[in-house]
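Asker: no sequence on hand, only this structure:
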């Protein structure tokens, strides 16, 4: 670890690569699991339910596109060795941009989700889906903090990374619970 301190540039902390990999694994699972969550409402053929399902699929497609964007960034981030400070500066700046955009775009996904009116048989799954989308956005916000702290202060804030991971884990659990409700019908 670099122990040399200067007043012009804060000492850079070691990165927490396992957290990024865990977050990546989760986001990939969320992207795949989110697409199937709220998918299996049972044999009902109600027109309102069919319309709702179509709307849900549209919103989840947007959500999955966000997950794909994150998954596209993470290998680039993980390819930069901790010893390459200039490379880290570049990839952290990119991470800050990516996560800032994910936060903004996830807000649009949440707004679209909140406009949906689920039929009675889908109300609990819909509520859990919304909570999962909110937790995902909170995870993106925390990861944006992680990257932005490096850009502004030269510090890899492990607390922000852990908060992001915890929120994304929470979102995964909520999606699984929503999906289990749907498949039980």
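Answerer: Done, it's in. These numbers come from a predicted model, not from an experiment. Residues are numbered from 1 along each chain as shown.
Asker: check which helix or strand covers the residue nearest the centre of the chain.
Answerer: Geometric centre of the chain, nearest residue: residue 136, 4.3 Å, by Cα atoms, centre = their mean. According to DSSP states H and E, residue 136 maps onto helix 123-153.
Asker: avg pLDDT for that helix?
Answerer: The average pLDDT within helix 123-153 is 93.
Asker: equivalent analysis for stretch 81-96, please.
Answerer: For stretch 81-96, the mean per-residue pLDDT is 90.
Asker: same question, stretch 101-113
Answerer: Stretch 101-113 shows a mean pLDDT of 97.
Asker: which residues touch it?
Answerer: Residues from elsewhere that reach stretch 101-113, judged by Cβ atoms under 8 Å, 6 or more residues apart in numbering: 58-59, 62-63, 66, 69-70, 129-130, 133-134, 136-137, 140-141, 144. Any C-beta I mention is one placed from the backbone N, CA and C, and that applies to glycine too.
Asker: quick check: of those residues, which lies closest to residue 100?
Answerer: residue 144 (5.5 Å; Cβ to Cβ).
Asker: quick one: the closest one and residue 99 touch, right?
Answerer: Yes: the pair residue 144 / residue 99 is scored as a contact, 3.7 Å apart, by Cβ atoms under 8 Å.
Asker: those two: which is more packed in?
Answerer: residue 99 (25 against 21; other Cβ atoms under 10 Å).
Asker: now do the contacts for that one.
Answerer: For residue 99, the contact set (Cβ under 8 Å, 6+ apart) comprises 70, 140-141, 143-144, 147.
Asker: what packs against the helix holding residue 136?
Answerer: In this structure, helix 123-153 makes packing contacts with helix 17-36, helix 47-79, helix 85-115, helix 158-183, judged by 3 or more Cβ pairs under 8 Å, 6 or more residues apart in numbering; DSSP states H and E.
Asker: swap in 6 Å and give it another go.
Answerer: If contacts are counted by 3 or more Cβ pairs under 6 Å, 6 or more residues apart in numbering; DSSP states H and E, helix 123-153 sits against helix 85-115, helix 158-183.
Asker: before we move on, the earlier item: quick one: the residue nearest to the centre of the chain and residue 171 touch, right?
Answerer: Yes: in this structure, residue 136 is within contact of residue 171 by Cβ atoms under 6 Å, at 4.4 Å.
Asker: right, I'll call it a day here.
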